[in-house]
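*Asks:* With the sequence up front, the predicted model follows.
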There are 2 protein chains.
Amino acid sequence: MSRPPASEPTEVELQILRILWERGPSTARQVHEALQAMKSTNYSTTVKMLGVMLEKQLVARDDSVRPQVFQAAHTRPVVQRKMLRRMVDTVYGGSLKALVLQALSSKEAESEDLTEIRALIEDLEAKEGNA
Amino acid sequence: MSRPPASEPTEVELQILRILWERGPSTARQVHEALQAMKSTNYSTTVKMLGVMLEKQLVARDDSVRPQVFQAAHTRPVVQRKMLRRMVDTVYGGSLKALVLQALSSKEAESEDLTEIRALIEDLEAKEGNA
DNA sequence: CAGCTTTAGCGAAATCCTTCGCTACTCCCC
DNA sequence: GGGGAGTAGCGAAGGATTTCGCTAAAGCTG
């Protein structure tokens, strides 16, 4: 039977999506080889996963070429946003601000990053102000 | 057999942790009642979950009182940070900045939030500058 | 086109998460 | 101390995810 379409990607699914986002459209073999860098599973497993992901519509498949070529069904930002929202809801009680504040106050916020973020905020505030 | 200690909390585990963070130390019964607000599962299930979470050391149990009292093993910020880090690694390729920039550019970033965030950045930059 | 390599896919096993039924234990009240 | 109510826990079922073996199909090479 088929699966709930477009549910949240699971762990392994996310690993595969990252590969597809980075490499672009790829054959099962190529995905599998990239996957080896992270884990050592069988080629069969990769193929099966791609099949499952196709059912879930997490990836699309081009059958007009041989071997078949897979690509992510949604762009990285789209998936990121969806997962971020979920994180905000389940872990930060729905407060995006809480998440950002915590992210910024963690050690790894570099000063160049901060500058860039501040610039973005000024941009956004400017827009808000004119609205 | 025992379970991998202190792995990431799963969905239901997170719901329970949220209850414990909000209510403070609680009996199984109290956790169960709070849980009912979100889902309707059996009391047995709640008890079992607390047992599993104890094995995973996600919660601690005080056996010196009757009924036993559970509390979260780690504070909310600690768990949040861990999950955020994981999210950054698996979804944002390790770039905290990428996550924050995306969070800020999503619609729900309110202007008051922005002000507050900007204040934090100025704080941080001040500290960096003196280092 | 025969045979070898690569690719595609199915079905089942292994693992994890979530659920609950059933049993035993503790507590309290009469 | 006996009996009912609430509490604790085990073991197993059900569902989802991840794994792979085995088979079949497609493509390549001589």
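*Replies:* Now that the structure is in, tell me what you want to look at.

*Asks:* Just list what the strand or helix carrying A:Ile19 packs against, helices and strands only.
*Replies:* According to DSSP states H and E, A:Ile19 maps onto helix A:11-23. Contacting helix A:11-23 under the criterion 3 or more CB pairs under 8 Å, 6 or more residues apart in numbering or on different chains; DSSP states H and E are the following elements: helix A:28-36, helix A:43-55, strand A:59-62, strand A:69-72, helix A:76-91, helix B:76-91. Bear in mind the C-beta positions are built from the backbone N, C-alpha and C, glycine included.

*Asks:* A:Val65: how many residues sit nearby?
*Replies:* Using other CB atoms under 10 Å in any protein chain shown, A:Val65 has 9 neighbouring residues.

*Asks:* anything in the helix or strand containing A:Lys127 near chain B?
*Replies:* Using DSSP H and E, A:Lys127 sits within helix A:111-130. Yes: Helix A:111-130 comes into contact with chain B (CB under 8 Å from any CB of the partner chain), by way of A:111, A:113-118, A:120-122, A:124-125, A:128.

*Asks:* re the thing from before, TSV for the helices and strands packed on helix A:11-23, including distance to B:Leu17 and mean neighbour count?
*Replies:* Formatted as TSV, these follow (distance: least, CB to CB, whole Å; neighbours: other CB atoms under 10 Å in any protein chain shown):
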stretch	distance to B:Leu17	mean neighbour count
helix A:28-36	32	17
helix A:43-55	30	16
strand A:59-62	33	17
strand A:69-72	32	19
helix A:76-91	9	17
helix B:76-91	7	17
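
*Asks:* export these to TSV and tack on mean pLDDT and distance to DNA strand C?
*Replies:* Formatted as TSV, these follow (pLDDT from 0 to 100; distance: least, CB to the nearest atom of the strand, whole Å):
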stretch	mean pLDDT	distance to DNA strand C
helix A:28-36	97	4
helix A:43-55	97	4
strand A:59-62	97	7
strand A:69-72	98	8
helix A:76-91	94	11
helix B:76-91	94	13
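
*Asks:* just to revisit the earlier point, return the alpha-carbon coordinates of the helix holding A:Lys127 using CSV.
*Replies:* C-alpha atoms of helix A:111-130 as CSV (Å, rounded to 0.1, in the frame of the first residue of the first chain):
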residue,chain,number,x,y,z
SER,A,111,30.9,37.9,14.9
GLU,A,112,30.8,38.0,11.1
ASP,A,113,27.5,36.1,11.3
LEU,A,114,26.2,38.6,13.8
THR,A,115,27.0,41.5,11.5
GLU,A,116,25.2,39.8,8.6
ILE,A,117,22.2,39.0,10.8
ARG,A,118,22.1,42.6,12.1
ALA,A,119,22.1,43.8,8.5
LEU,A,120,19.1,41.6,7.7
ILE,A,121,17.3,42.8,10.8
GLU,A,122,17.8,46.4,9.7
ASP,A,123,16.4,45.6,6.3
LEU,A,124,13.4,43.9,7.8
GLU,A,125,12.7,46.7,10.2
ALA,A,126,13.0,49.2,7.4
LYS,A,127,10.3,47.3,5.5
GLU,A,128,8.1,47.0,8.5
GLY,A,129,8.4,50.7,9.2
ASN,A,130,7.1,51.6,5.8
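
*Asks:* Quick one: mean pLDDT for it?
*Replies:* When pLDDT is averaged along helix A:111-130, the result is 84.

*Asks:* And it, how far out from the chain middle?
*Replies:* Relative to the mean C-alpha coordinate of its chain, helix A:111-130 is positioned 25 Å out (CA atoms, centre = their mean, to the nearest Å).

*Asks:* dump the residue contacts of A:Pro67.
*Replies:* A:Thr27, A:Ala28, A:Arg29 (CB atoms under 8 Å, 6 or more residues apart in numbering or on different chains).

*Asks:* Can you tell me which of the residues you listed is closest to chain B?
*Replies:* Chain B lies nearest to A:Ala28 out of the contacts of A:Pro67, by CB to the nearest CB, at 21.9 Å.

*Asks:* now the closest one: how far from A:Leu50?
*Replies:* Going from A:Ala28 to A:Leu50 by CB to CB, to the nearest Å gives 6 Å.
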